[in-house]
Every structure is written in structure tokens, then in C-alpha cells.
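Colleague: Everything below, folded, please.
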Amino acid sequence: MTSLYGSGVFYGSGAKYVGAPFSPDEGIPEDLRFYRTSQDGIYVFWWGFSPEFITPSLAFSAFDLQLDTSPLFTSPNLVTFTSSIDTTASLVFTVTSVTDATHLVVSSTTGMSGGDNIRQGSHSTTITTVTDGTHLVVASTAGWVASNIITFQNGNVRKGFAVSVAARQEGIVQTWYARVRTHTPSFVSDWSFTLTWTIPQKVQQQYAEALMNSLPDSHVYGKGDLLKPLNQRNTNLWLVEDMYGNQFDQVYYANFLTQTDNYITLCVDENLFQNFGVLFSFPKPNSMQYVDYRWILMNLIQASLVGSTNEAIILTVQAFTGVPPDITPIRDENDFFLVTIQDNPIVPSGPQTVFHTSQPYIDASLVVEDITTGLLVPSSAYTTDGVQATWTMNVATTDTLQAIFDVGNPLDPFPVIFDALNGATTLTGLVTFTNGSNNIGGSGTLFTSQLVVGNEITDPYGIYLGTIAHITDNTHAQLVNPWGGPTEVNTAYKLLYTDSQLPPPILWDQSTLKAGILITIFNPGKFALV
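Modeller: Next up, the predicted model:
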């Protein structure tokens, strides 16, 4: 792990963070959403970013949010919210007003100092003096504009604007559009995808007039007021009915919010825990922004509903780290297939002591055969070094030796996946296997020179096809047992050895069954922890 994370500190250090390229495309916000708050006319717009853009770039970014009744963002109703950034201290703030050519009123000056560089969009200036908690003296305010005061939720993985916009209108459902972008000292990103959102209708007047129209005597109760414009209705009875209409509207809106609270993306902040967090006994930590809390709960909900355990792990880890983990079964890292290998004979050119195997092996499994004498070499006659893939004879020899050994132990640093075709010989031509028949036929085959009775053959995928019982000629032979699979014409392979010569591979030993999976988070937390 030290080679990946440098000093081993996950956040903010290590090789993965050195010289990482951050292009403007990576800075485009994605996954733009909105949810309603319990306050009429207050909405929160929240979004995430490409993992490649989260810290260090995101720490130096401010945001522009546009709302409009036109998807082209060109109507007179266009509202733009622009946050600014102290590029020295990485503080995001809002400009409340531009007083004159050198004075700004901002949402907060906490963390700012004289000499800091601040930026809004493509305009930057230097702080001359921090007057108090909201006032700045700067070198120049040219190009700077006041932005509506908003509540900025600066989460680690999600960002959010709580915006007061477009009050509900009587009996009219409004359709609005939103988009957001980032800007840093080096670039202004493209806009995000356009989000379409709706503002529910207001029903106060509707209900008030329904009450008035239900009164029996228009002369006594002043129903004539209904014929006048709203700003000219002034009877006491109308004021009372209008008050009732307002209460009805509040009930209507509360019921509307109750319906949207069934969706975690639209649930208002104060109901998130009681509706969703309680399912996981996970209240929002005091230090966590609601935009992150909402996203974590959303991923926990998804993780609890998916059928795949791996997918659940991915969603849960990504909720907390901002990046999906890499999940690898341990057996894929160390393939616990114990495979028996028979190396080619080694013919010494002279007296030889050190002999090499084709790959690292399990020391206790090594068997050395002396081909010259036809006898096994006793284990006391040599020492083994499976890691170095060698064995050393106590006495130098000129005999031809052959090694047989096992690989794939869980502790083996170079494990080998079992390959059924390992050492197999490709047979010439195509072989026809007929379902239910012992007879096999060949086209362009050389059975008499390439096969002997007792040879085991497989198809190109290593699937056992049968054992040779009789060879008639180059294109006709018989198997010990009838072929049980579908009739096929395929290339066949002759195995290097049979089960009677060497033990079959041992799959999934005890160590394998208890191993589990590896969860690796590459570039974890590419955002600043707070």
C-alpha cells in the first residue's frame, strides 16, 4: 500500500495526488437535483462532481446557479446566484452588495486577511483591509456584482444552494429550469445538464372564494366583494375568509410536502432522519452538511434494496468516500487453485548443482525424478527454495532430472490459475464427437502418430471429452465411454498427463473458504475532510 499512497496517509498525500491533471471538463457539476424545504418558496439545489474533480480542485472553486422559466435561460425571469472564492484561503462566500469602486459587503469575512486574492467568475481582486465580519476594502470592484443572499451547504461530496425564489402563485403550477457551473482562478466550467423543477400552485384565494360563494345571502354578507379586484376587497368578512383561505393553503402545502417526503431526494431536511435515517440508526452528525447526509442515506437505501452484496458494498462505500471501491475476491488476488506442474526434463551440460523450476512452487510438494536412472531422487539429496524457483543438489550431477511440484498456495506470491489445457498438445485437424457414441471421426487428423491408447483428450475449452480406447487409423478411433455431450466438430487437445500419473488439481482448500474479498478504495476521499 505504501507504493500507492506514499506515506500511507489516505487523504491529501501519496503518489496518486502528485501532478494529477484537472481539466475544465472534469469541473462540470453533474447529478443536479433539487428538493423542497418546509419554508414556502425556499428550495435547495444540490449536485455532485466527477470524482476526478474533487479536491484539490474543488477546494478552489466557486459556483454559479441560474434559475429561469426558459430552458434557454434567456427570459426576463432569469435569476443568477453567484458565489465568490477567496483563492488564498479556499473560502466560498457571497457578495451581498457592491458599495463602490473599492468596497464590498459579503456574507462573511471569517478566515480572510489583507493581501488575499478573491475571485467572482472571471473577475479577481485583492483584499486591502478586512473591516469587520461582513465588510471588505479591495483593490477594485470592477466587474463584481451583488448576488442574492443564499445558504451554502458545502458538503464534502455534494454542494448545495438554499435559494429563495419564485413564490407560489394562485392556482398556477410553475415550471422552472436550473443549471450550475464552477469557476476557479484558471477556468470557468461548462454548465451542468439542465434540471426541470416545478413550483406547486397556491390555493389560498381559491378556497377563500369557495367559502364566500357558499354563503346564502350576497347582500347581507358582502358577496359583491368577489366582483372586485383582490386589492379592492375590504369587507371584514372578506378578511376573515381570506385568513381561513391562508390556513387552508398552509394545510394544502403541508400535505404536499408530506407526499414529497416519501422520496428521499425531495424530503425536507428536518424529516430526513425520521423518514430514512432511522432505518439505519444513523442520525446526521453535527459536522455533516445536509447535502452529504441526504446522499449517504440515498445510497444506503439503494444498497439495502439491491440483490447483489457487491453492489451494496459499492454503494455504501461510495456514499462515504465519494468514489466507488474496487472489489476483488481474495481468490482472484491469490488464486487458491493448487496446480500440479510437470516441468520439461533438464539435461545438464556438465556437473550441475542448482536446478531451476519454471515458476515458484510449494516447497513440500517438490518431487524430483532422475530420468537417467528411472528412479525418484530422495528428498534428502537436495534442498528446496520455492520462492526462488530452484532446488539445489547436495552433490553435483550430470543425470537428466525432471521436477514435479504444486503451485497456487495462498501464500504463494506468484499464484497460477488452474488451466485444464496446461501442457496439452493440439491435435491436427478436426474431430467429430457424436452424442451417445464411442466412435470419433477425424478430418485431416493424425490419430496413429499423435495418440496412444489411454490418452485423455479435451475440447478447446478444456472440457474432458474422453479417454482413447482404440485407434483404427488416422481418422478413426474409439473412446472408453460414449460421448455424453451434444454432437460437435471441434479441435481436440491431448493432455500432457493423466490422473493416474499425477494427482488431480486440488481446488478451494480450507484457506480459500475463509478468505472473503478485498475492498480497495483508489484515490479515497478526493475531497477535504472537515
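Colleague: any chance you could map the helices in the stretch 301-450 of the chain?
Modeller: Remark: helices assigned in the stretch 301-450 of the chain by DSSP state H, counting those that start in this stretch are 309-321, 330-333, 447-450.
Colleague: next one: the stretch 1-150 of the chain
Modeller: Going by DSSP H, counting those that start in this stretch, the stretch 1-150 of the chain shows helices at 2-5.
Colleague: what residue ranges in it score low on pLDDT?
Modeller: Residues of the stretch 1-150 of the chain meeting the criterion pLDDT under 70: 1-26, 50-60, 121-122, 148-150.
Colleague: How about the stretch 351-500 of the chain?
Modeller: Scanning the stretch 351-500 of the chain for pLDDT under 70 picks out 408-423, 461-463, 496-500.
Colleague: again, only this time at 50
Modeller: Where the stretch 351-500 of the chain drops to pLDDT under 50, the residues are 412-417, 497-500.
Colleague: Same question for the stretch 201-350 of the chain.
Modeller: 334-335.
Colleague: ok so G245 is a helix residue?
Modeller: Yes. Per DSSP: H, G, I helix; E, B strand; the rest coil, G245 lies within a helix segment.
Colleague: So it is in contact with L230, correct?
Modeller: No. Contact criterion CB atoms under 8 Å: G245 and L230 do not qualify, at 11.3 Å. C-beta: built from backbone N, CA, C; applies to glycine.
Colleague: Find the residues that touch each one of those two.
Modeller: Contact with both G245 and L230 is made by residues Q205, according to CB atoms under 8 Å, 6 or more residues apart in numbering.
Colleague: out of the two, which sits in the more crowded spot?
Modeller: When neighbours are counted by other CB atoms under 10 Å, G245 and L230 differ, and G245 comes out ahead with 23 against 13.
Colleague: Let me know the distance separating T82 from S113.
Modeller: If you measure T82 against S113 using CB to CB, to the nearest Å, the figure is 23 Å.
Colleague: Same drill for those two, tell me which one is more crowded.
Modeller: Using other CB under 10 Å, the more surrounded residue of T82 and S113 is T82, with 20 against 12.
Colleague: could you list every residue that touches the more buried one?
Modeller: Shown in contact with T82 (CB under 8 Å, 6+ apart): A62, F63, D64, L65, T94, V95, Q120, G121, V145, S147.
Colleague: 6 Å instead, please
Modeller: When contacts are counted by CB atoms under 6 Å, 6 or more residues apart in numbering, T82 touches D64, S147.
Colleague: in the stretch 201-350 of the chain, which spans are strands?
Modeller: For the stretch 201-350 of the chain, strands defined by DSSP state E, counting those that start in this stretch occupy the ranges 326-329, 337-342.
Colleague: just to revisit the earlier point, and the helices of the stretch 301-450 of the chain: which comes nearest G171?
Modeller: Minimum separation from G171 across these (CB to CB) falls at helix 309-321, 40.5 Å.
Colleague: The residue nearest the centre of the chain and Q289, how far apart?
Modeller: Centroid check for the chain by CA atoms, centre = their mean gives P324 as the closest residue, at 2.8 Å. Noted for P324: a distance of 21 Å to Q289, by CB to CB.
Colleague: Equivalent analysis for S186, please.
Modeller: For S186, the distance to Q289 - CB to CB - is 26 Å.
Colleague: Quick check on those two: which one has the bigger neighbour count.
Modeller: Under the criterion of other CB under 10 Å, the comparison of S186 against Q289 puts Q289 first, with 21 against 11.
Colleague: my guess is that one contacts G155, does it?
Modeller: Yes. Between Q289 and G155 there is a contact at 3.9 Å, judged by CB atoms under 6 Å.
Colleague: Extract the CA atoms of stretch 256-264 and return them as PDB.
Modeller: This file holds the C-alpha atoms of stretch 256-264, laid out as PDB (Å, rounded to 0.1, in the frame of the first residue of the first chain):
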ATOM      1  CA  PHE A 256     -48.000  18.300  -0.400                       C
ATOM      2  CA  LEU A 257     -44.700  18.200   1.500                       C
ATOM      3  CA  THR A 258     -45.800  15.000   3.300                       C
ATOM      4  CA  GLN A 259     -46.200  13.400  -0.100                       C
ATOM      5  CA  THR A 260     -42.800  14.500  -1.300                       C
ATOM      6  CA  ASP A 261     -41.200  13.400   1.900                       C
ATOM      7  CA  ASN A 262     -41.800   9.800   0.700                       C
ATOM      8  CA  TYR A 263     -38.900  10.400  -1.700                       C
ATOM      9  CA  ILE A 264     -35.500  10.900  -0.200                       C
END
